[in-house]
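Asks: have a look at this prediction, sequence included:
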Amino acid sequence: MLNYLWASMIIISILVGSLNGRIAEVGAAALDSSKEAVTLCITMLGIMSLWMGLMRIAKTSGLIDKLSSLLSPVLRFLFPDIPAGHPSLEYIASNLIANILGLGWAATPFGLKAMKELAALEDERRRLSSPFRRPAGYAGNEMCTFLIINISSLQLIPVNLIAYRSQYGSANPSAIIAPAILATAVSTGTAIVFCKIMNHGRQGRRGGL
């Protein structure tokens with residue numbers, strides 16, 4: 001779908017530029033944007049390498065494990081039906097920590113592993129229940145909750161936004177930190193309330209079957 005979207009935008013820009021007699025400007029803008037994209041990628045590579053290195057140090061030193069332990073009450077509240085000690089909890093905690101630190105790219109591998117473990121847990125539940133109540137490919141409450149909270153993504157240090165602002169000449173790139181914390185706190189809080197309401201409704205409907 002995205003390929004069609006981008007292709008359509010390129011074709012439309014070329015057509016509009018041709019009709020307006022500004023096709024030369026369209027070509028110049030394309031070349032300038034290509035150069036800018038490479039520069040931005042180099043900037044992001046440096047910043048992400050720094051934070052990925054810090055995350056590796058934190059993991060090796062045991063800091064991530066300690067933070068995961070501190071998150072245990074939060075995870076128990078968000079995912080009360082996941083058995084204690086399940087592998088998915090460690091991946092979920094690592095994903096949340098990476099997101100809180102603004103390392104969205106670093107959080108992705110943990111998120112994928114968490115989803116894989118949650119899918120395995122849901123398959124096990126499906127085998128133990130009626131197929132009419134848990135069809136194949138069913139996304140359980142935990143999977144939906146994790147996805148929505150992951151998208152809302154509470155961030156204390158919005159690394160990507162700071163990098164973008166720095167790349168485009170912002171006088172104070174880090175000025176976005178306070179608004180980002182407020183915005184993501186509201187979005188995450190809303191996501192948690194929504195998930196709790198929907199999960200309660202799902203459990204109520206199942207109880208009526």
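Replies: Alright, I've got the coordinates.

Asks: sec struct for the most far-flung residue of the chain relative to its centre, please.
Replies: Within the chain, residue 21 marks the point farthest from the mean C-alpha position, 42.2 Å out by C-alpha atoms, centre = their mean. Under DSSP: H, G, I helix; E, B strand; the rest coil, the three-state class of residue 21 is coil.

Asks: identify the residues contacting it.
Replies: Going by C-beta atoms under 8 Å, 6 or more residues apart in numbering, residue 21 touches no other residue. Just so you know, the C-beta spots here come from the backbone N, C-alpha and C atoms, and that holds for glycine as well.

Asks: just checking, what packs against the strand or helix carrying residue 76?
Replies: Assigning secondary structure by DSSP states H and E places residue 76 in helix 72-78. On a contact count with 3 or more C-beta pairs under 8 Å, 6 or more residues apart in numbering; DSSP states H and E, helix 72-78 meets helix 87-100.

Asks: work out the gap between the helix it packs on and the centre of the chain.
Replies: 11 Å (C-alpha atoms, centre = their mean, to the nearest Å).

Asks: circling back: what does the residue farthest from the centre of the chain show for phi and psi?
Replies: phi 70, psi 30 (degrees, to the nearest 10).

Asks: same question, the one 10 residues further on
Replies: Backbone torsions for residue 31, taken as degrees, to the nearest 10, come to phi -70, psi -40.

Asks: residue 168 versus that one, what's the distance?
Replies: Distance, residue 31 to residue 168, by C-beta to C-beta, to the nearest Å: 18 Å.

Asks: what's the average pLDDT for stretch 150-160?
Replies: Mean pLDDT, computed over stretch 150-160, is 81.

Asks: any buried residues in it, and which?
Replies: Residues of stretch 150-160 classed as buried: 150, 152-155, 157-160 (neighbour count, 16 or more other C-beta atoms under 10 Å).

Asks: which ones among these map onto helices?
Replies: Counted as lying in helices by DSSP state H, out of the buried residues of stretch 150-160, are 150, 152, 159-160.

Asks: shaky segments in this structure?
Replies: 104-105, 129-138, 201-209 (pLDDT under 70).

Asks: ok, which stretches of the protein are helices?
Replies: 2-19, 23-61, 63-70, 72-78, 87-100, 104-128, 141-152, 159-167, 177-207.

Asks: so which of those helices is the most surrounded?
Replies: helix 87-100 (a mean of 22; mean count of other C-beta atoms under 10 Å).

Asks: what packs against that helix?
Replies: Helix 87-100 packs on helix 63-70, helix 72-78, helix 104-128, helix 141-152, going by 3+ C-beta pairs under 8 Å, 6+ apart.

Asks: list the contacts of it.
Replies: With C-beta under 8 Å, 6+ apart as the criterion, helix 87-100 contacts 55, 64, 67-68, 71-72, 75, 79, 82, 104, 106-107, 110-111, 113-114, 117-118, 121, 142, 146, 149-150, 153-156.
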